[in-house]
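> my questions concern the predicted model and sequence given below.
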Amino acid sequence: MNTETTFFAHPTAVIDDSSIIGQHTKIWHFSHIMNDSKIGNNCNIGQNVVISPNVIIGNGVKIQNNVSVYTGVICEDDVFLGPSMVFTNVINPRSFIVRKTEFMETYVEKGASIGANATIICGIRIGRYAMIGAGAVITKPVPSYALVVGNPGKQIGWVSKNGHRLSFENNTIATCPESGQKYQLNNDTISPILS
């Protein structure tokens, strides 16, 4: 654990000694930060959250109440994990078979948001600024800026960096109603148009 406390931890939080926690991060009631996990600066770790060993959490990440982030998960900066969303880390779990050497990596790219009660099956990548709807079950990789809902998860559109649904004019250009940023759709991939 950090030798100089530069973060806030509620008195009921448990923080193992070899974890690394960034400056100005807040850890709330009954959360457990386990050995060798790394949490960036300016994060908010809600109530009853478990961060398992060797998990990597970037800067500015918000983890809402009742989330378990299991070994194998990596979240880049500015990721949002909604209340009670679920990560898995073994594709075929059995209580009577130890599979700790089979943990699969799940990678959540910068700025992605995962809604409340969504389930993320292990071994996939969620692209930057993707939006996963509440209750969705994600079983395959999610492209950057994709809007995915349902069980199983299905892409129903695209969102801007600010999280607004994009409507493409002539199926090629869309504008975020909040930021004014324009996006181009090309071969089922979108990218911001640099001005």
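It's in.

> got the contact list for the residue lying closest to Val149 once chain neighbours are set aside?
The shortest distance from Val149 to any non-neighbouring residue, by Cβ to Cβ, 6 or more residues apart in numbering, is to Gly133 (3.5 Å). (Glycine included, C-beta is placed from N, CA and C.) Applying Cβ atoms under 8 Å, 6 or more residues apart in numbering, one finds that Gly133 lies in contact with Gly115, Ala118, Leu147, Val148, Val149, Gly150.

> got JSON lines for those residues, with secondary structure too?
As requested, these are exported to JSON lines (DSSP: H, G, I helix; E, B strand; the rest coil):
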{"residue": "Gly115", "secondary structure": "coil"}
{"residue": "Ala118", "secondary structure": "coil"}
{"residue": "Leu147", "secondary structure": "strand"}
{"residue": "Val148", "secondary structure": "strand"}
{"residue": "Val149", "secondary structure": "strand"}
{"residue": "Gly150", "secondary structure": "coil"}
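
> going by distance to Lys182, which of those wins?
Nearest to Lys182 among those is Leu147, at 17.7 Å by Cβ to Cβ.

> what's around the closest one, how many residues?
Neighbour count of Leu147, defined by other Cβ atoms under 10 Å: 18.

> buried residues in stretch 103-114?
Buried residues in stretch 103-114, counting neighbours by 16 or more other Cβ atoms under 10 Å, are found at Phe103, Met104, Thr106, Tyr107, Val108, Glu109, Lys110, Gly111, Ala112, Ser113, Ile114.

> who's the last one bridged to?
The bridge-partner assignment for Ile114, based on DSSP bridges, gives Leu81, Ile132.

> start the count at 406 instead of 1 going forward.
Okay, residue one is now 406; in that scheme the one you just asked about reads as Ile519.

> thought it was touching Met490?
Yes. In this structure Ile519 lies within contact range of Met490 using Cβ atoms under 8 Å: 5.0 Å.

> please enumerate the shared neighbours of the two.
Common neighbours of Ile519 and Met490 (Cβ under 8 Å, 6+ apart) are Ile525.

> how near is Ile598 to Ser572?
15 Å (Cβ to Cβ, to the nearest Å).

> cool, and Val513?
Taking Cβ to Cβ as the measure, Val513 and Ser572 are separated by 26 Å.

> again with Gln469
Note on Gln469: its distance to Ser572, by Cβ to Cβ, is 29 Å.

> residue contacts, the residue lying closest to Asn567 once chain neighbours are set aside?
Counting by Cβ to Cβ, 6+ apart, Asn567 lies nearest to Glu583, which is 4.6 Å off, once chain neighbours are set aside. Glu583 sits next to Ser565, Asn567, His569 when contact means Cβ under 8 Å, 6+ apart.

> sec struct for Glu583, please.
coil.
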